[in-house]
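S.K.: compute the structure for the input listed below.
(one chain, ligands or ions: 1)
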Amino acid sequence: MAADIIKEDINNYTFDFAEEVQRLINEMGPKAANILFANMSVRHDGTRLGAVFHQLMGGKNVTEEYAREAGQYAANRICEDPTRSSFAVQSDSETDFSAIIFNQGTFTKNFFGPEYADLSSLFTLYHEAGHILLPEGDEPDELHPYKECAADAYLALRFLQRFGSDAIPFLSMKSWMRSFAAFSGDTKHLSTAVLDKIIADSTTHDFTTYSHEKIVECAREYADQWTPTPEALSAARPFFLRKVKKIRSLLAGTCLSSSSHDLAFLVGAKVAQPFLQTGIIYQGKRKYFTKKKRAEYESSIAARLDSMNIDELFNNSAVRPALKPKHIARALQVILPSNRKWLVFNPR
Ligand SMILES: [Zn+2]
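M.R.: As a prediction, the model looks like this:
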């Protein structure tokens with residue numbers, strides 16, 4: 001209910017797994033009864049398996065055998081790759097339970113610096129909850145990012161619901177991160193258009209008044225309309241996978257090349273934004289373009305935006321009128337927190 005909503009202060013946010021899980025359970029209602037939440041970041045009896053087992057049993061009507069199996073499964077997946085982040089196990093015809101296994105890897109936590117660790121943990125928890133709440137769609141892979149886009153849409157709406165417009169810079173940086181990751185081949189999580197559309201709409205829509213159910217429905221709609229199509233992804237991927245070391249050559253092959261595919265152009269233009277704005281701090285070093293280069297690149301991007309029809313790239317052609325290039329240009333920009341002059345990031 002709108003009257004109960006108090007916008008939380010994003011700058012003083014501290015992540016508490018147990019508290020956030022309880023909150024999610026309250027919001028989800030009866031649906032939550034079949035979801036197991038386990039925090040793999042902590043240990044119990046000295047082991048992660050012990051921790052998962054302990055947590056799965058806590059307060060849930062599951063058999064010991066099930067908890068052991070699920071715990072073993074989660075532990076195996078984490079052991080395969082200890083740096084791997086959290087994941088969701090969706091229920092299928094054989095199991096009644098789904099699970100969110102939370103394992104906040106240092107990579108996600110520190111991507112934008114340690115001051116974003118708590119928000120990044122919430123981002124992860126909501127992303128995984130999004131998977132459970134929005135189970136439709138193809139198994140995600142590099143050409144089918146629908147499920148990942150739906151999970152990101154859910155988390156973005158939740159952030160806006162809780163923190164209002166103060167959530168925008170963090171979401172905007174994460175949207176940039178999804179495009180940045182596409183350059184190393186990860187198009188499975190390419191939710192930039194979904195996130196940017198939600199961010200843009202948040203200036204005219206008030207998501208804080210939405211019920212949890214309405215948020216889920218709304219996330220589905222955004223994913224339906226703004227997930228890149230498999231056709232666009234398979235045409236764009238070759239541009240992302242060129243083996244180049246310098247960011248300049250990456251941009252030259254995508255947003256600054258007239259022969260690049262439209263989606264490759266858009267993703268390149270997104271990645272280029274912080275460089276066209278003030279520059280970035282990458283592993284402690286500042287990288288930026290000269291004023292002259294910036295102006296040159298900006299006008300070439302603007303010219304290309306003018307001539308393209310983005311509807312073909314996404315699943316939205318039947319529903320909405322084409323976006324005006326100046327709106328897309330605005331949506332591409334990375335909005336930084338007011339206390340930051342440059343985009344700071346520390347990839348793996
Ligand atoms: Zn995911």
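S.K.: what does the stretch 101-250 of the chain have sitting close to the ion?
M.R.: 148, 151 (CB under 5 Å from the ion). To be clear about C-beta, it is placed using only N, CA and C from the backbone, and glycine gets the same treatment.
S.K.: can you give me the helices in the stretch 101-250 of the chain?
M.R.: 106-110, 117-133, 146-163, 168-182, 192-201, 212-226, 230-240, 247-253 (DSSP state H, counting those that start in this stretch).
S.K.: for residue 65, find the nearest of these.
M.R.: Residue 65 sits nearest to helix 117-133 of all the helices of the stretch 101-250 of the chain, at 22.1 Å, using CB to CB.
S.K.: mean neighbour count and mean pLDDT added to the helices of the stretch 101-250 of the chain, as JSON lines?
M.R.: Listed next are the helices of the stretch 101-250 of the chain as JSON lines, based on neighbours: other CB atoms under 10 Å; pLDDT from 0 to 100:
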{"stretch": "helix 106-110", "mean neighbour count": "17", "mean pLDDT": "70"}
{"stretch": "helix 117-133", "mean neighbour count": "22", "mean pLDDT": "93"}
{"stretch": "helix 146-163", "mean neighbour count": "26", "mean pLDDT": "97"}
{"stretch": "helix 168-182", "mean neighbour count": "23", "mean pLDDT": "95"}
{"stretch": "helix 192-201", "mean neighbour count": "23", "mean pLDDT": "95"}
{"stretch": "helix 212-226", "mean neighbour count": "19", "mean pLDDT": "96"}
{"stretch": "helix 230-240", "mean neighbour count": "19", "mean pLDDT": "93"}
{"stretch": "helix 247-253", "mean neighbour count": "18", "mean pLDDT": "82"}
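S.K.: quick one: closest of those helices to residue 273.
M.R.: That would be helix 168-182 among the helices of the stretch 101-250 of the chain, by CB to CB, at 6.9 Å.
S.K.: list just the one of the helices of the stretch 101-250 of the chain that sits closest to residue 300.
M.R.: Closest among the helices of the stretch 101-250 of the chain, using CB to CB: helix 247-253, at 10.3 Å.
S.K.: list the helices and strands that closest one packs on?
M.R.: On a contact count with 3 or more CB pairs under 8 Å, 6 or more residues apart in numbering; DSSP states H and E, helix 247-253 meets helix 262-277.
S.K.: tell me the domain boundaries of this protein?
M.R.: 17-133, 231-345 (automatic domain parsing).
S.K.: ranking these by mean pLDDT, which is last?
M.R.: For these, mean pLDDT drops lowest on domain 17-133, to a mean of 75.
S.K.: ends of that one, what's the gap?
M.R.: 19 Å (CA to CA, to the nearest Å).
S.K.: and stretch 185-195, by the same measure?
M.R.: End-to-end for stretch 185-195, by CA to CA: 19 Å.
S.K.: where's it relative to the chain centroid, distance-wise?
M.R.: Stretch 185-195 has its C-alpha centroid displaced from the chain centroid by 8 Å (CA atoms, centre = their mean, to the nearest Å).
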